[in-house]
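> This is a predicted model, with the sequence first.
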Amino acid sequence: NIKYMPIKGAYLICTGLAEKMKERAIRDIDILVNESDMQTVCDYFSNLDNTRLLRNYTNYYMPAKTLIYYKIDKIYISVEIHCQLNFPQRYLLHPSDLFDRSSNNGSFVCLPSKEDSLLIFLCHLQSHIHKEFKKTTFEEIDLLVTQEDFDWGKFWKFSYYTGLDSFHYFMLKSYEKRHNNSVNAPRYHFYAAVLAKVFTYRLYLHLPQWLKRIFFDIPFVRKPVWLIFH
């Protein structure tokens, strides 16, 4: 009886977008809930016979995330329950705003707005880009931005308040170059624009992780000095 939001790969499955991709690796199921409901959710899953609580949100190194294994037959599925998506020093994306802009898909399931589905995907991508960049990234972006009634104006407005809009500019300009689909960016970001012109998947694969941190991670976050020391 708690409102929850499937995000990232789980969003693609719930909306049927996953069926349009030939392949897309999903390592875990990501679910977002309000912070006020987090303890109730943890208590619920802790009492199920087919669930193993691996890490509670109160003692996880990542903020506000609970990790569980959910068993179906002999298979364990990794499920991450979030009430915050990342450190605020990296970017700002409040669950309360996402729920306010969401649409109901049943009694308790809330789907993020189409603009927020892209925002969540890009913010998550930024937090992992120093170690991972999936080959299907631009295909997934294309699916998200070509959803019916997707609004670029709303997206860039939401993007600005995350503090990651320059990274979003970099990724979407890289996408624009490959798919010839205008992203209608309202602001110009010099470093992001230069990076988008030279970025290729092959180049990314050949860079060591410390260079990926320097080029793709540290310059874009809200508080880079904090990130370096943590």
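On my side now, so go ahead.
> Would you mind listing the buried residues in stretch 148-156?
Buried residues in stretch 148-156, counting neighbours by 16 or more other C-beta atoms under 10 Å, are found at Trp152, Lys154, Phe155, Trp156. From N, CA and C alone the C-beta is placed, and that goes for glycine too.
> what's the first-to-last distance across that stretch?
17 Å (C-alpha to C-alpha, to the nearest Å).
> Ok, stretch 218-230 next?
12 Å.
> Ok, stretch 129-144 next?
19 Å.
> which residues touch the worst-scoring helix or strand of the chain on mean pLDDT?
Scoring the helices and strands of the chain by mean pLDDT, DSSP states H and E places strand 51-55 at the bottom, with a mean of 86. Here strand 51-55 makes contact (C-beta atoms under 8 Å, 6 or more residues apart in numbering) with Cys42, Phe45, Ser46, Lys65, Thr66, Leu67, Ile68, Tyr69, Tyr70, Lys71, Tyr76.
> Now, of those residues, which are buried?
Neighbour counting by 16+ other C-beta under 10 Å classes Cys42, Phe45, Lys65, Thr66, Leu67, Ile68, Tyr69, Tyr70 among the contacts of strand 51-55 as buried.
> Closest to Asp142 out of these?
Of all the buried ones among the contacts of strand 51-55, Lys65 has the smallest distance to Asp142: 28.5 Å, by C-beta to C-beta.
> Just the buried ones among the contacts of strand 51-55: which are in helices?
Among the buried ones among the contacts of strand 51-55, DSSP state H puts Cys42, Phe45 in helices.
> In strands, which of the buried ones among the contacts of strand 51-55 fall?
Secondary structure assignment by DSSP state E places Lys65, Thr66, Leu67, Ile68, Tyr69, Tyr70 of the buried ones among the contacts of strand 51-55 in strands.
> Quick one: residues contacting the last one.
The neighbours of Tyr70, taking C-beta under 8 Å, 6+ apart as the test, are Ile29, Phe45, Asn50, Thr51, Tyr76, Ile77, Ser78, Val79.
> Which single one of the residues you listed is nearest to Glu148?
The closest of the contacts of Tyr70 to Glu148 turns out to be Ile29 (C-beta to C-beta; 25.1 Å).
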